[in-house]
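Asker: sharing a model prediction with you, sequence too.
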Amino acid sequence: MFTGLIEEVGVVDEIRRSRGSVMMTIRAAKSVRGLKVDESVAVNGVCLTVVRSTRNSFTVQAVEETLRKTNLGLLQTGHDVNLERPLLPGERLGGHFVLGHVDCVGKVVLINRRKSSWMFWFKLPHKFARYVVPVGSVAINGVSLTVASIRGDEFAVSIIPHTWEVTTFRKLQKKDLVNVEFDVLGKYVERLLSSRRG
């Protein structure tokens, strides 16, 4: 369980591809502290298991299903990634409940620079658009954000200067692909209602 509040931007140091999976070694000064093998960490919003850890880096493995549903397969050496360790009991929940289970990949279609913020528009596969709720929560590359506007299969979020500085949003460009996780509550409600109808 995560909150969508990014702890650190790490750097992909090494990528190894083998038998359909990807092993990624990520350099991170803060997130690696106390991080042990078998523990979870969110990389661009994807919950992954640590398979190796050193003083300044850790290694995770993304298998076929993860690569199919996320943008992790597009990462290259030197790319920045958003990192967050799991929520600890008793800590403040500043974002929203983020599971690290990406629902789909969206595309950046527009970036508007405003006086004190940036407005990012994303396009979703049509079947996922129903999960976007006005002023509801959504996680983009692991960042907890509030939906600012909706039009058809597209939605927008507003990025404040602090979020711009401490996440990979400052690196995003038009046509880039991002990991999208919708609020889990809506998905449970939909499932329960469809079961009752069935």
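Answerer: Received, thanks.
Asker: drop to CA atoms for contacts and neighbour counts, all remaining ones
Answerer: Noted.
Asker: ok, residue 153 - contacts?
Answerer: With contact set as CA atoms under 8 Å, 6 or more residues apart in numbering, residue 153 has these partners: 123, 124, 125, 126, 129.
Asker: between the two ends of stretch 128-145, how far is it?
Answerer: One end of stretch 128-145 sits 17 Å from the other (CA to CA, to the nearest Å).
Asker: neighbouring contacts of that stretch?
Answerer: Applying CA under 8 Å, 6+ apart, the external contacts of stretch 128-145 come out as 3-6, 42-46, 82-84, 95-96, 98, 100, 104, 146-150, 152-155, 157-158, 167, 178-183, 186-187.
Asker: quick one: buried residues of that stretch?
Answerer: When burial is assessed from 16 or more other CA atoms under 10 Å, stretch 128-145 yields the following buried residues: 129, 131-133, 137-145.
Asker: avg pLDDT for it?
Answerer: Averaged across stretch 128-145, pLDDT comes to 95.
Asker: run the chain-centre distance for it.
Answerer: Between the mean C-alpha location of stretch 128-145 and the chain-wide mean there is a distance of 11 Å, by CA atoms, centre = their mean, to the nearest Å.
Asker: could you pull out the strands for the protein?
Answerer: 8-18, 21-27, 40-43, 46-53, 57-62, 80-84, 104-113, 118-123, 137-140, 143-151, 154-159, 177-182 (DSSP state E).
Asker: with distance to residue 68 added, can I get the ones you listed in JSON lines?
Answerer: What follows is the strands of the chain, written out as JSON lines (distance: least, CA to CA, whole Å):
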{"stretch": "strand 8-18", "distance to residue 68": "14"}
{"stretch": "strand 21-27", "distance to residue 68": "11"}
{"stretch": "strand 40-43", "distance to residue 68": "15"}
{"stretch": "strand 46-53", "distance to residue 68": "12"}
{"stretch": "strand 57-62", "distance to residue 68": "10"}
{"stretch": "strand 80-84", "distance to residue 68": "18"}
{"stretch": "strand 104-113", "distance to residue 68": "9"}
{"stretch": "strand 118-123", "distance to residue 68": "18"}
{"stretch": "strand 137-140", "distance to residue 68": "17"}
{"stretch": "strand 143-151", "distance to residue 68": "20"}
{"stretch": "strand 154-159", "distance to residue 68": "21"}
{"stretch": "strand 177-182", "distance to residue 68": "11"}
